[in-house]
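>>> Using only what follows, build the 3D model:
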Amino acid sequence: MTTTTLAVLVPLLPFLGAAAGLLLGRGAPEFVRPLAVLPSLASLVIAAVVAARQGGGPAIDAATQLTPTGSVPIDLALHLDGFAVLVALLVALVASCVQIYSTAYLRDDPRYPSYAALVSLFTSAMLLVVYSGDLMVLLVGWEIMGICSYFLVGHYWETPEARAASLKAFLVTKLGDVPFLIGLFALAADTGTFRITGILGAVAHNGLDHPTVIALLLLAGVAGKSAQFPLHTWLPDAMAGPTPVSALIHAATMVAAGIYFVARLLPVFAASGAALVVLAVMAAVTMIGSGLAALAQDDIKRVLAYSTIGQLGYMSGALAVGDRGAAVFHLISHGAFKAVLFLAAGVVIHAAGTNSLAAMSRMGGLAKRIPDAYWTMTLALLALAAIPPFAGFFSKEAVLVAAEHTALGDRHVAPAAAGWTVLVAGLLAAVLTAAYATRLWLLAFRGRGAEAPDHGRQPVAMTSVLWVLAVPTMAFGLTVGVITDWFDGHSLTPSLATAVLSTGVGLVGGLVTYGAWRHTTALAARTPMGAVVAHPDEEPALVEIEAIEAHTAAYGDVGDAPDPADPGRLLLGPLHRHAATGFHLDALYAVLFVRPVQAAASLVRFLDREVVDTYVRGSATGARWLGTAVRRAQTGNVQTYLSALLAGSLVLAVAAVVFANVNAGS
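Model prediction:
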């Protein structure tokens, strides 16, 4: 088979698996798991073959006209370059691991057939985005992922949290998709094509008439899809869905789509220096804000959610300084270790006996009971904190090196202001990342929470994939000198200055957090269990109170209050209560947007009922009165009818005589 034929099979196989799973799920349940796992594994093998054949060489393009449009053509096109084949390999790998993991994690779930089919459809849509060479075909995958995320995040639809989270994810991402769609049409209008190669060729010849407007419109969609400030608030709430879904969304699909889209069309954004500065500021705010929020969360999945937002900020920062190689390198590296973190968190949740709630302050005695999750999560947290020689160190260094070169004027793709913004924010975020990674590890595995009942050894289907994904977590960064051909020949080697600086600030963040934990642990040893140590001027975060109450309502009191030895409270001080709620952005949006929309809806409802319906009811009342009057004249008595007829005739005759006399006198 040719490479393009094999590439078509990569997204097609999961799609066929999804279709077959939806059709046969209820009638033939014995086929559900094979239909979930085997197409994903086959897609993974074929994606690896495509990557090997492409080999980092010239891009492979193939296209056929999808439909005649009469103006801008829409083609069913493939564009296989080094970025595309590597990202597709990541997507297929994570999706296969998630499907295998889910066979055990959702073993007794009655809705597993539909869940597995939707995961396959989700995977197929992301692979379509990765391989697509036409923006309209890419948009199809883009929107399918949106609806799949709605159903998967709301998988536990019996709970109000899941229903609200799925609706919020759908609406917030659609809010960004509206200007995104307008931007796509404006881009096609300027360049005369939806083909990515045609667009890039037009940009190279200064074919864009409105680069800033187009770039900003497209960035709105990217901010929604990739959870960047200010459209990031849906991602932490999406943790209400099953943990494997969280791993898929955070590591390989959905949020990665926006970053990948900008990487594919980076020259479009680079045509506007203002757009790159906006992207840099957006990335900086995202990195720092999400790091502070992660340091204040008690739910392990929300910590990882804010971590994803921050790491996507690094990728956006790399794109803001014009280095798509560093952005995609960190995307792939992050996909590996973030998948480990979420899937290991699922094992932790299962072992802690807390189901979907994962309050770290309630955990205790887990390290020895779940060694696979303990060791793989430790490795992944080291990669997240960018400690050498793990993959996260090399990919994060590539971002900081690109920012340094732009800031110092060694590269002129982006303004120096964008470089300085990304560099400073990246270093500050490195401190915060190491801090919340250390805090997560200490609270989850060294905490003083109550030890939950032992549920026995975790299923092999759940633990085995952790080690599979741990391999690229540890080794992918070491291939930095080998994979340059897949990254446009661009060197991704760390520089000494940024390596020492970022590693140093990361170690400082981790050590300070450890010291704060030791201090709070000593205080907690002298504090009766049940008393939460908090800042004198703050109340315990509402989200933590709700989490504790929900846990008690669902599983009963396990005998201990939350562990007061939380270094996050000490490190953040009065900022803790604000960071725990995401700096009240949801409340701000409720005041600025939700309440005005609800008020407008109430006004429209009032006008409809009290004004428009008044006319409708009035016309009906008039017709009813007229009918009543006419009905009274219909007595059914022939004599009455004849009398009325004669009386009427007499009246007409008199009127005629009077009218004739008047005319004669005039």
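>>> Not counting residues beside it along the chain, what's closest to Pro236?
In this structure, Pro236 finds its nearest non-sequential neighbour in Ala305, 4.4 Å apart by C-beta to C-beta, 6 or more residues apart in numbering. Glycine gets a C-beta too; all of them are placed from N, C-alpha and C.
>>> What strand or helix carries that neighbour?
Assigned by DSSP states H and E, Ala305 falls within helix 300-320.
>>> Please apply the same query to Ser643.
Take DSSP H and E as the rule and Ser643 turns out to sit in helix 638-665.
>>> and what of His412?
Using DSSP H and E, His412 falls outside every helix and strand.
>>> again, but for Leu41
Per DSSP H and E: Leu41 is located in helix 32-54.
>>> CA atoms only: put that helix into CSV for me.
In CSV, the C-alpha atoms belonging to helix 32-54 read as follows (Å, rounded to 0.1, in the frame of the first residue of the first chain):
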residue,chain,number,x,y,z
VAL,A,32,-17.8,-4.3,22.4
ARG,A,33,-14.4,-4.6,23.9
PRO,A,34,-12.7,-6.0,20.8
LEU,A,35,-14.4,-3.3,18.7
ALA,A,36,-13.0,-0.7,21.1
VAL,A,37,-9.4,-1.9,21.4
LEU,A,38,-8.5,-3.6,18.1
PRO,A,39,-9.2,-0.7,15.7
SER,A,40,-7.2,1.6,18.0
LEU,A,41,-4.3,-0.8,18.1
ALA,A,42,-4.4,-1.3,14.3
SER,A,43,-4.5,2.5,13.8
LEU,A,44,-1.5,2.8,16.1
VAL,A,45,0.5,0.2,14.1
ILE,A,46,-0.4,1.9,10.8
ALA,A,47,0.4,5.4,12.2
ALA,A,48,3.8,4.0,13.2
VAL,A,49,4.4,2.7,9.6
VAL,A,50,3.3,6.1,8.1
ALA,A,51,5.7,7.9,10.4
ALA,A,52,8.6,5.6,9.5
ARG,A,53,7.9,6.0,5.8
GLN,A,54,7.6,9.7,6.0
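>>> can you give me how far that helix is from the chain middle?
24 Å (C-alpha atoms, centre = their mean, to the nearest Å).
>>> tell me what that helix is packed against?
helix 3-24, helix 82-105, helix 112-131 (3 or more C-beta pairs under 8 Å, 6 or more residues apart in numbering; DSSP states H and E).
>>> Let's see that with 10 Å instead.
helix 3-24, strand 60-67, strand 74-80, helix 82-105, helix 112-131 (3 or more C-beta pairs under 10 Å, 6 or more residues apart in numbering; DSSP states H and E).
>>> Can you mark which positions in that helix are buried?
Going by neighbour count (16 or more other C-beta atoms under 10 Å), the buried part of helix 32-54 is 32-33, 35-37, 39-44, 46-51, 54.
>>> how about the residue nearest the centre of the chain, what does it touch?
With distances taken as C-alpha atoms, centre = their mean, Val255 lies nearest the centre of the chain, 4.5 Å away. Val255 sits next to 145, 149, 173, 225-228, 232, 235, 238, 249, 305, 308-309, 311-312, 315, 331, 334-335, 338 when contact means C-beta atoms under 10 Å, 6 or more residues apart in numbering.
>>> go with 6 Å
Ser226, Ala227, Leu312 (C-beta atoms under 6 Å, 6 or more residues apart in numbering).
>>> go on, Gly224?
Gly224 makes contact with Val172, Thr173, Gly176, Leu231, according to C-beta under 6 Å, 6+ apart.
>>> and the host helix or strand of it, how far from the chain's centre?
Following DSSP H and E, one finds Gly224 within helix 211-225. Relative to its parent chain, helix 211-225 has a centroid offset of 16 Å by C-alpha atoms, centre = their mean.
>>> And stretch 344-351, by the same measure?
Using C-alpha atoms, centre = their mean, the offset of stretch 344-351 from its chain centre is 22 Å.
>>> mean confidence for it?
Stretch 344-351 shows an average pLDDT of 85 in the prediction.
>>> Any buried residues in it, and which?
Going by neighbour count (16+ other C-beta under 10 Å), the buried part of stretch 344-351 is Ala344, Ala345, Gly346, Val347, Val348, Ile349, His350, Ala351.
>>> And stretch 65-80, by the same measure?
Val72, Pro73, Ile74, Asp75, Leu76, Ala77, Leu78, His79, Leu80.
>>> gap between the residue nearest to the centre of the chain and Met282?
Remark: distance between Val255 and Met282 (C-beta to C-beta, to the nearest Å) = 14 Å.
>>> How about Ala590?
Ala590 sits 22 Å away from Met282, going by C-beta to C-beta.
>>> out of these two, which sits in the more crowded spot?
Met282 (23 against 13; other C-beta atoms under 10 Å).
>>> Tell me which helix or strand in the protein has the weakest average pLDDT.
helix 542-555 (a mean of 38; mean pLDDT, DSSP states H and E).
>>> Quick one: name whatever helix or strand follows that helix.
Next along the chain after helix 542-555, taking DSSP H and E as the criterion, comes helix 567-572.
>>> packing partners for that next one?
Judged by 3 or more C-beta pairs under 6 Å, 6 or more residues apart in numbering; DSSP states H and E, helix 567-572 is in contact with helix 496-525.
>>> what is the mean pLDDT for the helix it packs on?
Computed over helix 496-525, the average pLDDT equals 89.
>>> Now do that helix: distance to the chain's middle.
Distance of helix 496-525 from its chain centroid, counting by C-alpha atoms, centre = their mean, is 30 Å.
>>> cool, stretch 175-189 as well?
Its chain's C-alpha centre lies 19 Å from the corresponding centre of stretch 175-189 when counted by C-alpha atoms, centre = their mean.
>>> in it, what's buried?
Going by neighbour count (16+ other C-beta under 10 Å), the buried part of stretch 175-189 is Leu175, Gly176, Asp177, Pro179, Phe180, Leu181, Ile182, Gly183, Leu184, Ala186, Leu187, Ala188.
>>> Nothing else from me, thank you.
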